[in-house]
Structures are given as structure tokens and as C-alpha cells.
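Participant: give me a 3D structure for the following:
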Amino acid sequence: MGVEVAERVFTPDLRERLARSVRLTQPLLSGPLTAPEAVTVLSVAEVLVTGWGCPPLTPEILASAPALRAVVHAAGSVKPMVTEAVWDRGIVVSSAADANADPVVAFTLAAITFAAKGALSAAAGYASGWPPFTDRTGADARTIGVIGASRIGRRVIAALRGSDAGFRVLLTDPYVSRAEAAELGAELVDLPALCERSSIVTVHAPQLPETRGLLNADMLKRIPDGGVVINTARGSLVDTEALARECGAGRLDAFLDVTDPEPLPADHVLLRLPNVLVTPHVAGAQGSEVRRLGEYAVSEVERYVAGARLRGVLVREDLARLA
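Facilitator: Numbering: from 1, shown residues only. A predicted model of the protein is given here:
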């Protein structure tokens, strides 16, 4: 991982704690894993702790790491890094995605709260005058559509179910049964029905070939007038230009922490609309929150050394459905 990432994720106390469980090789690997200094370190490494920016673990790189038994990723998605060769070698893979989930859930719930209160339109109209009480919109009886029962989607549903704001929750996910959705606290519907019945649609599905453009022009048109789209998953799941048209017409509002492309061009219409809030992929762990990723990774290394099952362990079969 990058040096700056390592310094923020693994604070001195966490490095000291890590060093009590394993012998840390030096220096920190922050460049290509094919560099001579990297090859020297990999030749003796049993556990590789990785972070944002780690290069793919190709067969060539793994060939220089004969002792490697575990990869502990101090971040969320391992897709850019874990190759088929990693699974073929039987290397254990762990991700700190659970530690990164809670900040995304908090961000999503904040966006839902803002959306339910009509905060963007209220802010845009503030200069024109203080709105009378009868013109204010509240969160009562709002229907929230959740796309994807991912680890984040499930947490969002649980939080909405525990809220006293009177939210109704719809869920669409091809891998969830009607009974399981009911147990989560949501009504299982297909995507068209979810869009037609939801005043707020929040996206939590993984980026897969079949999910690209999931919220396309047709689906966006099904969302009722005044509806809101929230995306903290991946930008490719929403048709950017179709959403820009709906928001530009004032029919929909949007809270977007991810976009396609990412970043958007500086002159893109979504960055200028008063009913759209675009943030630069900040929903996940930021600032002091990134320490929780280091804590999770150190805990995983400690569990590995103790011979315990890792909490964030991943398997090859699940990777295709993960973010």
C-alpha cells in the first residue's frame, strides 16, 4: 500500500500491536511487487497485509512468494488485487469490508434523512424566502427502495426498520427469498415495482456485468415525481446521462457518492444542479475512521497466528457477487 495510506490506517500503536504477533519485514512495500526489494521481502513473507493501491497478485508475483499463506486486506474490495492464482494456491484471503461498511451505512442514512426532508430543494430555495410550514415535506410514511441485500444494504434495512420515522422498505435482490427479505424487515419486489413504489431509491448492489446500468432510463422514469436516487455503491449501476436528464428536468433529486465516470468531468451538468449533491467517494472510511480498517486487519493477523477462523474471510465462489 502507499506510505501515506499505511501511516493513516496503521497508527504507531497498531504497528506495535502487529509486531507483537509477527515479525514485520522492512521496508514497507509501496511500489511494484516485481521490484528487487519487494521480491526479497516476498520470498520470506507468510502473511501479506495490503491496502488501497496494491497491485494484482499475479502468478508471477506469487511465484516469488513461496511461503505466502494469507492476504489480509486493510480495505474493502479485493477484486483489483486477488487473482485466480491466489485461490489456486489455497491462500487465505480476508477483507476489512465489514469495518468499512458502517461509515457507508451512516452516510446513506444521512442521505435518506436529507432526501426525506426535501433538504436539497429547500436549500436551493432558501434565498427566495423562508418556506411556510405547510410547504415543508416530512419523512412520515416514506417508502424506501433498497437495491441489493449486500452487507451495507442489510445494515441500512436494519436501521430503517429500527427507526420511528415510519419508513416502509422494499428490497430487490435476485439472491434473496421472500421469506428472507421479510426476516430482514423488507418486502421483496422486482426492480420495476421497487422504482414505481419508492420515493427514495438507494443502491447497494455490487458492480458486475449484469448490474451495469441497472438503473437505466426506463427504471429512472418509473420513480415517481419528486423521488430521490442515492448511490453509495458503484457509479456504473446508474445510467449517468439518464439520471442527469431526470434531475435536470427537476423530476428527481440525487445524492451521489460514486459516479460513472469517476470523477465526473468538471463541466458535467450533475455538478451544477441544485437538486443534486455529488461527493468524491467519501462515504467509506475517511479521516480518523480509517483507523478502524487497521484495527480490523491487525485483529485478523492475530486470529491467523492463533489458528482461529478469520472474521473477514472470503471464498472464491462469493467474490463474483461482492463489490
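Participant: closest to the centroid, which residue in the protein?
Facilitator: A233 (4.9 Å; CA atoms, centre = their mean).
Participant: what's near enough to touch that one?
Facilitator: G148, S150, I152, V203, H204, A205, P206, Q207, V258, A323 (CB atoms under 8 Å, 6 or more residues apart in numbering). (Each C-beta comes from the backbone N, C-alpha and C, glycine too.)
Participant: and those, which of them are in strands?
Facilitator: Counting by DSSP state E, these place V203 in strands.
Participant: can you lay out the contacts of A233 as CSV showing distance to A123 and neighbour count?
Facilitator: Below are these laid out as CSV (distance: CB to CB, whole Å; neighbours: other CB atoms under 10 Å):
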residue, distance to A123, neighbour count
G148, 29, 26
S150, 30, 22
I152, 26, 30
V203, 23, 26
H204, 26, 29
A205, 29, 25
P206, 32, 18
Q207, 31, 18
V258, 22, 20
A323, 30, 21
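Participant: state the phi and psi torsions of R161.
Facilitator: Note on R161: backbone dihedrals following degrees, to the nearest 10 are phi -60, psi -30.
Participant: mind checking how far it is from A181?
Facilitator: Note on R161: its distance to A181, by CB to CB, to the nearest Å, is 12 Å.
Participant: more neighbours: which of the two?
Facilitator: Between R161 and A181, counted using other CB atoms under 10 Å, the more crowded position is A181 (21 against 12).
Participant: contacting residues around the nearest residue to the more buried one once chain neighbours are set aside?
Facilitator: Once flanking residues are discounted, A181 sits nearest to L188: 3.7 Å by CB to CB, 6 or more residues apart in numbering. The neighbours of L188, taking CB under 8 Å, 6+ apart as the test, are L170, L171, T172, D173, V176, S177, R178, E180, A181, A182.
Participant: out of those residues, who's the most crowded?
Facilitator: Compared across these, L171 has the highest neighbour count, 27 neighbours, by other CB under 10 Å.
Participant: using CSV, list the CA coordinates for the longest helix along the chain.
Facilitator: Criterion DSSP state H: the longest helix present in the chain is helix 97-116. The C-alpha trace of helix 97-116 is given here as CSV (Å, rounded to 0.1, in the frame of the first residue of the first chain):
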residue,chain,number,x,y,z
ALA,A,97,-15.1,-4.6,4.2
ASP,A,98,-17.1,-5.0,7.4
ALA,A,99,-15.1,-2.3,9.1
ASN,A,100,-15.7,-0.1,6.1
ALA,A,101,-19.4,-0.8,5.9
ASP,A,102,-20.5,1.2,9.0
PRO,A,103,-19.4,4.6,7.7
VAL,A,104,-21.1,3.9,4.3
VAL,A,105,-24.3,3.0,6.2
ALA,A,106,-24.1,6.2,8.3
PHE,A,107,-23.6,8.2,5.1
THR,A,108,-26.5,6.5,3.4
LEU,A,109,-28.9,7.0,6.4
ALA,A,110,-27.9,10.7,6.4
ALA,A,111,-28.7,11.0,2.7
ILE,A,112,-32.0,9.2,3.3
THR,A,113,-32.8,11.7,6.1
PHE,A,114,-32.0,14.7,3.9
ALA,A,115,-33.9,13.2,1.0
ALA,A,116,-37.0,12.5,3.1
